[in-house]
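S.K.: Sequence isn't available, so here's the structure alone:
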């Protein structure tokens, strides 16, 4: 199967245009940014209490962040609450501009039905006069309607249009652009909230920063040396995961070349993989997977000098924090879900079947990932200037 050189490009500003390297690879016209949204201002009265149903994946929280900023900036006097899965709630620990975070859990079976009743009661108790639904699910819109929210905004998907008072149809031109525009377009076309993809920055909670400084101080052998975060796991599946042995090789290479220490980050399910990589590293590595909340993970990444990882939630966090980020892409499309931030680089191997968007490789070779070397990742990170 024919291959091309890995494409390295900076996508610090998705609004600046396409990376030249990918224009010819994808189509003669490239994948243009979507046209300006058809802004529809929200009719009077202006909302006083807004509830936003957040998305359900960590990376999507980052990419939908600019749309949440747009709502806050458009209605600066309104109380803004976010309804979010309990395990993701600490994502907003540093977001002091969010007035309220409402965590929830959703179990299976009868317990899940009880959980949904609890969610509806909590929404109703908040007396919200505007609800904005970021997920596309029927259930998310139903909660808002049953919770008594008078005005409800979101995409007209999943046969839920009758539950929404302010709705927009998904657009093909938006689906061809970076995913950040999926939510930016929706809030503009339903409630008149105009925003910018550049508003993707994250704020760090001071208490979480202090806890992670102490955590690192107890584990680092060479605290004066550069600290690099590695995120070797992706929830979507192996077609997004650079081989584990490459991460071990990269950690040793960074130690030899630059004296760097590496910390392996991720969630509770990622810990076994991170522990195996740490054992394979000749120079050792710190394992932080399953040791942090999402808020503490943000604080930990903010203290790192650089980041290398798969297309994952950790990648999006690092990019939005401004940490020099090297993202390794396999089956997914970096034009759609690449990291955002001022210092982001993508390594992407363009082979004939890419991007397949599959969880596993239908050919079994995973060449889009296996052909990327540890040297390429180390060189891309060094090119950011962090070791100068």
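M.R.: Nice, I can see it. Quick caveat, the model's predicted, so the values are computed rather than measured.

S.K.: Show me where the stretch 1-150 of the chain dips below the pLDDT cut-off.
M.R.: Confidence mapping of the stretch 1-150 of the chain against pLDDT under 70 gives the ranges 1-33.

S.K.: Show me where it has its strands.
M.R.: For the stretch 1-150 of the chain, applying DSSP state E, counting those that start in this stretch gives strands covering 7-10, 49-53, 79-85, 100-104, 130-133.

S.K.: What residues of stretch 209-217 count as buried?
M.R.: Of the residues in stretch 209-217, those with enough neighbours to count as buried (16 or more other C-beta atoms under 10 Å) are 209, 211, 212, 215, 216. Backbone N, C-alpha and C define where each C-beta goes, glycine included.

S.K.: List the ones among these that fall in helices.
M.R.: Using DSSP state H, the members of the buried residues of stretch 209-217 that fall in helices are 209, 211, 212, 215, 216.

S.K.: List the contacts of the closest residue to residue 220 other than its chain neighbours.
M.R.: Distance criterion C-beta to C-beta, 6 or more residues apart in numbering; nearest residue to residue 220, sequence neighbours excluded, is residue 261 at 6.1 Å. Going by C-beta atoms under 8 Å, 6 or more residues apart in numbering, residue 261 touches 220, 221, 222, 225, 226, 227, 228, 255, 285, 286.

S.K.: So what sits opposite residue 261 in the bridge?
M.R.: Here residue 261 sits in beta bridges with residue 227, going by DSSP bridges.

S.K.: Look at it and report its pLDDT.
M.R.: On pLDDT, residue 261 comes in at 98.

S.K.: measure it to residue 307 for me?
M.R.: Residue 261 is 13 Å from residue 307, where distance means C-beta to C-beta, to the nearest Å.

S.K.: who wins for neighbours among the contacts of residue 261?
M.R.: Across these, the neighbour count under other C-beta atoms under 10 Å reaches its highest value at residue 228, namely 27 neighbours.

S.K.: Check which helices and strands the longest helix seen in the chain sits against.
M.R.: Taking DSSP H as the criterion, the chain has its longest helix at helix 109-125. Helices and strands touching helix 109-125, as assessed by 3 or more C-beta pairs under 8 Å, 6 or more residues apart in numbering; DSSP states H and E, comprise strand 79-85, strand 100-104, helix 138-146.

S.K.: Spatially nearest residue to residue 84, not counting backbone neighbours?
M.R.: By the measure of C-beta to C-beta, 6+ apart, the closest residue to residue 84 outside its immediate chain neighbours is residue 54, 4.0 Å from it.

S.K.: Surely that neighbour touches residue 63?
M.R.: No: between residue 54 and residue 63 there is no contact, the gap being 11.6 Å when judged by C-beta atoms under 8 Å.

S.K.: if we can go back for a sec, can you put the contacts of residue 261 in a markdown table and add distance to residue 294 and pLDDT?
M.R.: Supplementary listing: those in a markdown table, determined by distance: C-beta to C-beta, whole Å; pLDDT from 0 to 100:
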| residue | distance to residue 294 | pLDDT |
| --- | --- | --- |
| 220 | 22 | 97 |
| 221 | 27 | 94 |
| 222 | 27 | 94 |
| 225 | 27 | 97 |
| 226 | 24 | 98 |
| 227 | 19 | 98 |
| 228 | 20 | 98 |
| 255 | 28 | 97 |
| 285 | 21 | 97 |
| 286 | 19 | 98 |
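
S.K.: Among those residues, name the ones in helices.
M.R.: Judged by DSSP H, helices contain the following of the contacts of residue 261: residue 255.

S.K.: Overlap of the contact sets of residue 261 and residue 307?
M.R.: Taking C-beta under 8 Å, 6+ apart as the contact rule, the neighbours common to residue 261 and residue 307 are residue 228.

S.K.: Residues in contact with stretch 139-149: which ones?
M.R.: 51, 53, 83, 116, 119-124, 126-131, 133-134, 152, 154, 160, 163-164.
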